[in-house]
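A.B. asks: Sequence below, structure please.
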Amino acid sequence: MVIQQQSMKLIFGMKNEQNYINNMKKEKNSILTIRLENPIDDNTPCINVETFAKLCTNIGIFMGRNQMFKWLRRNGYISEQKGSWNMPIQRYMNQNLFRVKETFILYNDEQIPKYSPLITAKGQSYLMDKLVRNTFY
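C.D. replies: Prediction:
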């Protein structure tokens, strides 16, 4: 009797696990259809990494700004070197995935340049696709 109850629990557990897997597949497909039905058009301006991280929460990827920078560094999209920390790699700049915004800060009567990486519309769709594939597959 005890063995039969344990085997019933195992079968029931397997059914729940199979239901969970099926639900995850359905959720993944619905997220992908949302992405395909609402593409980012090329007229949208470039956005910074923090805004991109907030946009990713709409498709179920919960990352903050710092985690997004870390992910971009780990996957080779932005630099880890001391002199060019968080600057996009030239290869991805040539593919129009990133742009760099240059601003000048006045410090002791000197203008010091500050560089900020921005993600283009093409880069947004490319990186979202990579994030979805890494998360849900």
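A.B. asks: Without its sequence neighbours, what residue ends up closest to residue 106?
C.D. replies: What sits nearest to residue 106 in space, not counting adjacent residues and going by CB to CB, 6 or more residues apart in numbering, is residue 112, at 7.9 Å. All C-beta spots, glycine's among them, are computed from the backbone N, C-alpha and C.
A.B. asks: which residues touch that neighbour?
C.D. replies: 104, 105, 106 (CB atoms under 8 Å, 6 or more residues apart in numbering).
A.B. asks: Make CSV out of the residues you listed and add pLDDT and secondary structure.
C.D. replies: Below are the contacts of residue 112 laid out as CSV (pLDDT from 0 to 100; DSSP: H, G, I helix; E, B strand; the rest coil):
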residue, pLDDT, secondary structure
104, 92, strand
105, 91, strand
106, 91, strand
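A.B. asks: Does the closest residue to residue 77 other than its chain neighbours belong to a helix, a strand or coil?
C.D. replies: Counting by CB to CB, 6+ apart, residue 92 is the residue found nearest to residue 77 once chain neighbours are left out, at 5.6 Å. Per DSSP: H, G, I helix; E, B strand; the rest coil, the secondary structure class of residue 92 is helix.
A.B. asks: so who does residue 92 touch?
C.D. replies: Going by CB under 8 Å, 6+ apart, residue 92 touches 77, 98, 123.
A.B. asks: Flag every buried residue along the strand or helix carrying residue 115.
C.D. replies: If you go by DSSP states H and E, residue 115 is part of strand 110-119. The neighbour-count check on strand 110-119 (16 or more other CB atoms under 10 Å) flags 117, 118, 119 as buried.
A.B. asks: May I have it as CSV, with CA atoms only?
C.D. replies: Presented in CSV, the C-alpha positions along strand 110-119 are these (Å, rounded to 0.1, in the frame of the first residue of the first chain):
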residue,chain,number,x,y,z
GLU,A,110,38.3,72.3,-18.6
GLN,A,111,35.9,70.4,-20.8
ILE,A,112,36.2,66.7,-20.0
PRO,A,113,34.5,64.3,-22.5
LYS,A,114,32.1,61.7,-21.1
TYR,A,115,31.1,58.8,-23.3
SER,A,116,27.8,56.8,-22.9
PRO,A,117,26.9,53.7,-24.9
LEU,A,118,23.5,53.8,-26.6
ILE,A,119,21.6,50.9,-28.1
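A.B. asks: With that, I have no additional questions.
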